[in-house]
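Asks: pasting the structure only:
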């Protein structure tokens with residue numbers, strides 16, 4: 001912490017980017033030193049994908065390989081495991097008074113969060129490379145049909161769950177209680193957002209709420225961008241979806257993108273109201 005209490009002019013010399021970079025490097029080192037966060041944040045989506053998707057290699061869904069279909073879903077699920085690590089990390093730093101001490105220095109509040117979010121984003125990129133390599137190299141998936149649309153949904157989905165982690169940290173009383181807050185989000189996103197199987201495989205009365213969950217539009221958009229088909233209403237026994245050109249892909253993905261943006265805006269409002277820099281008292 002000595003670097004955070006330098007001379008009065010040091011903050012102005014270093015600048016916002018330098019402060020954010022320092023927080024990024026600190027969060028990056030902490031992530032790799034914590035075996036639990038490394039497993040959940042990096043390896044869990046890959047391990048689950050190998051277990052769940054591999055048996056689907058000889059099946060198709062909506063005209064694409066079912067294993068590749070599930071693997072792209074697990075790229076979306078990686079955003080949820082990143083949410084868990086961010087929630088745990090923010091609450092732990094708050095309870096250890098790290099956030100309070102940082103707020104008492106010249107480090108801008110936005111730089112503190114940007115550095116931590118940036119480290120989590122770097123982990124997501126590693127997961128995308130791992131899962132994308134599995135999808136293309138092992139399951140025979142094509143390369144992404146629209147890389148730009150894919151990047152938009154990845155960035156938007158990451159921002160959504162990063163802001164949601166900041167918001168929910170405010171109602172998490174302690175680091176020990178963080179799993180109680182994160183687990184329901186994890187289970188809902190994994191089993192009711194189309195990660196492994198289409199949302200249409202759920203009971204009819206659950207399908208509309210499932211489509212409205214924060215991860216569902218992200219997974220739908222990732223699949224549309226990757227395979228160039230209009231995902232969202234597919235089913236195991238349904239017909240193959242027709243290929244879309246780039247413009248059609250963006251048009252089809254627009255409602256999912258707007259829903260994800262609405263979730264992000266709502267999470268940002270909650271984060272502004274609920275986020276705490278100091279531990280809860282009493």
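Replies: It's in. These numbers were taken from a predicted model, which means no experiment stands behind them. Numbers count the residues shown, from 1 in each chain.
Asks: C-alpha from now on. contacts and neighbour counts both.
Replies: Will do.
Asks: Grab the most central residue of the protein for me.
Replies: In the chain, the residue lying closest to the centroid (Cα atoms, centre = their mean) is residue 79, at 1.9 Å.
Asks: For that one, give its distance to residue 117.
Replies: 12 Å (Cα to Cα, to the nearest Å).
Asks: Please apply the same query to residue 271.
Replies: 14 Å.
Asks: what about the two, which has more around it?
Replies: Between residue 271 and residue 117, counted using other Cα atoms under 10 Å, residue 117 has the larger neighbour count: 24 against 19.
Asks: Could you pull out the buried residues of whichever strand or helix holds residue 167?
Replies: According to DSSP states H and E, residue 167 maps onto helix 147-169. For helix 147-169, the neighbour count (16 or more other Cα atoms under 10 Å) marks 149-150, 152-154, 156-169 as buried.
Asks: What ranges in this protein fall below the confidence cut-off?
Replies: Filtered on pLDDT under 70, the chain yields the residue ranges 1-14, 281-282.
Asks: thinking again about what came up before, which secondary structure elements does the helix holding residue 167 sit against?
Replies: Here helix 147-169 touches helix 66-95, helix 215-227, helix 246-274, going by 3 or more Cα pairs under 8 Å, 6 or more residues apart in numbering; DSSP states H and E.
Asks: what residues does whichever helix or strand comes after that helix touch?
Replies: Counting by DSSP H and E, the element after helix 147-169 in chain order, helix or strand, is helix 178-192. Residues from elsewhere that reach helix 178-192, judged by Cα atoms under 8 Å, 6 or more residues apart in numbering: 77, 80-81, 84, 87-88, 91, 168-169, 172, 195-196, 199, 202, 210, 213-216.
Asks: again, only using 7 Å
Replies: Residues from elsewhere that reach helix 178-192 (Cα atoms under 7 Å, 6 or more residues apart in numbering): 77, 80, 84, 87-88, 172, 199, 210, 215.
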